[in-house]
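Asks: below is the sequence, then the predicted model.
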Amino acid sequence: THTHTQTPPLPAPTVHKSVAADTTHETTDLTMGRLKQKGKAGEAAAFVSRSRAVRKLQVSLADFRRLCILKGIYPREPKHKRKLTGGSSAHRTYYYSKDIQYLAHEPLLQKFREFKVFLRKLKRAMKKKEPEQAQKLREAKPVFKLDHVIRERYPTFIDAVRDMDDALCMIYLFAQMPKLNRMQAETIAKCQTLCQQFDRYIVMTNGLRKVFLSIKGIYYQAEVHGTVLTWLTPYRFSTAVPRDVDFRVMSTFTDFYTTLAGFVLYRLYTLEGLQYPPKLDLNRQAGDHGLATIVLESNKPNAAGALASGADGAGDALDEEEQQRLREASERQVATIQQALKAGLGEAQANGDGEGETAEGDDMDTSPDKAADLDEFPEQMAGGDQPVADATALQKQAETDVLATLFKGCKMFLGRETPRPSLELVIGSAGGQVLWEGCSAGVKEDDPSITHQIVDRPSQKHTFLDRVYVQPQWVYDCLNARKLLDTQPYLVGATLPPHFSPFVQEDADDYVAPERAAQLAGVEPAMQGQISGASEGKDGEEARASDEEDEGDESEEEEADDDDDDEDDEDDEEVTFRRELEAEARGDYTPVEPVAKKAGKKRKQPKQQSEEMEEKELAKIMMPKKHQRLYSRIMYSKAKKQAAATELRRKRAKLDKKASSD
């Protein structure tokens, strides 16, 4: 038999203070019995490298990149990067650990794995030359949807609308791409359909606000559901596909954006009482009928038939009776809102000034028969910023009404060489009627009801006297100017005026070209020469008046300086005479040299200007050094900007002088 002996327990280890101080990076809390390992707390635990994230999710790098794009996970830059790399300066990409844990529970991971297995089986069947098995695998190809991703990233509808800028740019770009393979052909066709549906909605709601023709493409700005969207559309030229662009990444973005656009368009069409997706007229789709191929139908079960099909290329969403009814309802609603705003302003002024009646209150009819039944919110109407908000709302509504009827009553015939999709969008959104050869309306070029013909060629061989021939820039400039401009500078063969961007806001220190200044002042291009001449004459009169005032001030200052000089001369003569008397008393009869006159004094600055300069210097002295450096940089950039503007003005004056001499 074996005997077992029980060993006594070992004593607890004693840790000296010096040892504990040297091993703080390994054990930081020994008194409580809790050990913190290295890399388990702080930034080391908050961030994870891309390679570790790929290994943790067990996906390839391409699938990881695709998953991050779809879920909106982006790389992060740690504040203390060397602590994560152990002092190494090698470049690494880091993500939040919480984001990677969030991706670990994503259902798309299983779909990616199923798709990888599908490719492996399909490849094996193709190598074994089993076409039937390969066809069965293709029919059972795994497909995933991004609906749950859209709902997670955009909890509300307004959030999705605000993020439509990048989506529209990518969708319009892929709509112009050439069809290279089957997958990309499906994506391109889907993008083209979404572009037509979005353009149809903009035309239906008259939402277009600004257009700018640039080298990159055409910039549009529209108001969609109270949100301003800006996107870029490429020109309709043959697209050369670059080879240094990773289209797999762009295709991932396109898949996400097309899903997002489908959600947003469904909601927008539903809010307008229309079915989505709208039906397409196959007969018109076979031809080149533009937006007229989209047939709008009501989503109400009792409504029978299509509301409008965009026929005749008019760009009107409804027929004439329906438009008249909606227009009258809109006018009544606007009148009711204006009446309510005026009532609110009257109450606010009465409460603020302590007066019982106002000018607006006297003009308004307050009889109970004509008064509108409206809810009153006195705590909001009495606010200080409410009149400003009301004025802004009225101004915005007036601008919307002007843009909606800008081309009303105009029938514009487009030439074959013009950018028809862009002009159809702009003219249709502004209430005009668009026609071209072969459109659904069946109108020919010799139709006498045509008021304008858009031509983009040096000359027009045959012309009709009952219409105006203009270049396409006239349409865009009219939309940006919010009025119909004079057609004389835009006639066929004429040198077009400059096309300025409506997205640029000029500051006081910026250089503003005379044409741009006339445009901002609301002057048509044909009147720019007269206005510039009048402004030059006015400026000349003001300059002459200011010169006369300056001469008067200079004469007064010169008289004051002459008086000072006379007094100084008298003082110098007295000093010289006193020195002569002293020399005679000493018995010295040598001639005494006169006292030299002092150098001319600098003209003193006005008192007010000098005081302002002193106040600025004192305020600058009282600033902290950090604020002084910031102020110096601001003033330097401002001076540099002014110098550049001055140089541009000098060049423009030189060119104008040369042009006038020629």
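Replies: Received the coordinates, thanks.
Asks: hey, let's count contacts and neighbours off CA atoms from now on
Replies: Fine.
Asks: shaky segments in the stretch 151-300 of the chain?
Replies: Scanning the stretch 151-300 of the chain for pLDDT under 70 picks out 181-183, 282-288.
Asks: quick one: the helices in it?
Replies: With DSSP state H, counting those that start in this stretch as the criterion, the stretch 151-300 of the chain has helices at 157-162, 164-175, 182-205, 247-271, 282-286.
Asks: now swap in the stretch 551-662 of the chain and tell me
Replies: Using DSSP H, counting those that start in this stretch, helices in the stretch 551-662 of the chain cover 607-622, 625-661.
Asks: now those in TSV, with mean pLDDT, distance to Ala41 and mean neighbour count?
Replies: TSV is the format used below for the helices of the stretch 551-662 of the chain (pLDDT from 0 to 100; distance: least, Cα to Cα, whole Å; neighbours: other Cα atoms under 10 Å):
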stretch	mean pLDDT	distance to Ala41	mean neighbour count
helix 607-622	82	45	11
helix 625-661	87	36	13
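Asks: tell me which of the helices of the stretch 151-300 of the chain sits most buried.
Replies: helix 164-175 (a mean of 20; mean count of other Cα atoms under 10 Å).
Asks: if we can go back for a sec, which one of the helices of the stretch 551-662 of the chain lies closest to Ala517?
Replies: Taking Cα to Cα, helix 625-661 is the member of these nearest to Ala517, at 13.1 Å.
Asks: other SSEs contacting the closest one?
Replies: Here helix 625-661 touches no other helix or strand, going by 3 or more Cα pairs under 8 Å, 6 or more residues apart in numbering; DSSP states H and E.
Asks: about what we covered before: relative to His105, which of the helices of the stretch 551-662 of the chain is closest?
Replies: That would be, of the helices of the stretch 551-662 of the chain and by Cα to Cα, helix 625-661, which comes in at 48.2 Å.
Asks: that older thread, Tyr490 is nearest to which of the helices of the stretch 151-300 of the chain?
Replies: Nearest to Tyr490, of all the helices of the stretch 151-300 of the chain, is helix 182-205, at 24.8 Å by Cα to Cα.
Asks: would you list the helices of the stretch 151-300 of the chain in CSV and tack on distance to Ile73?
Replies: CSV is the format used below for the helices of the stretch 151-300 of the chain (distance: least, Cα to Cα, whole Å):
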stretch, distance to Ile73
helix 157-162, 17
helix 164-175, 17
helix 182-205, 24
helix 247-271, 13
helix 282-286, 40
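Asks: nearest to Arg649, of these?
Replies: helix 164-175 (36.4 Å).
Asks: what angle do the closest one and helix 182-205 make?
Replies: Interaxial angle, helix 164-175 versus helix 182-205 (axes from the mean of the first three to the mean of the last three Cα atoms, to 10 degrees): 130 degrees.
Asks: residues making contact with helix 164-175?
Replies: Helix 164-175 has contacts (Cα atoms under 8 Å, 6 or more residues apart in numbering) with 187-189, 191-192, 194-195, 229-234, 253-254, 257-258, 260-261.
Asks: just the C-alphas of that helix, formatted as CSV.
Replies: Taking C-alpha atoms only, helix 164-175 is exported to CSV below (Å, rounded to 0.1, in the frame of the first residue of the first chain):
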residue,chain,number,x,y,z
MET,A,164,-29.6,61.2,-51.6
ASP,A,165,-26.9,63.6,-53.0
ASP,A,166,-24.2,61.0,-53.4
ALA,A,167,-26.7,58.4,-54.4
LEU,A,168,-28.0,60.5,-57.3
CYS,A,169,-24.4,61.3,-58.5
MET,A,170,-23.5,57.6,-58.6
ILE,A,171,-26.8,56.5,-60.2
TYR,A,172,-26.6,59.1,-62.9
LEU,A,173,-23.0,58.2,-63.5
PHE,A,174,-23.7,54.4,-64.0
ALA,A,175,-26.7,55.2,-66.2
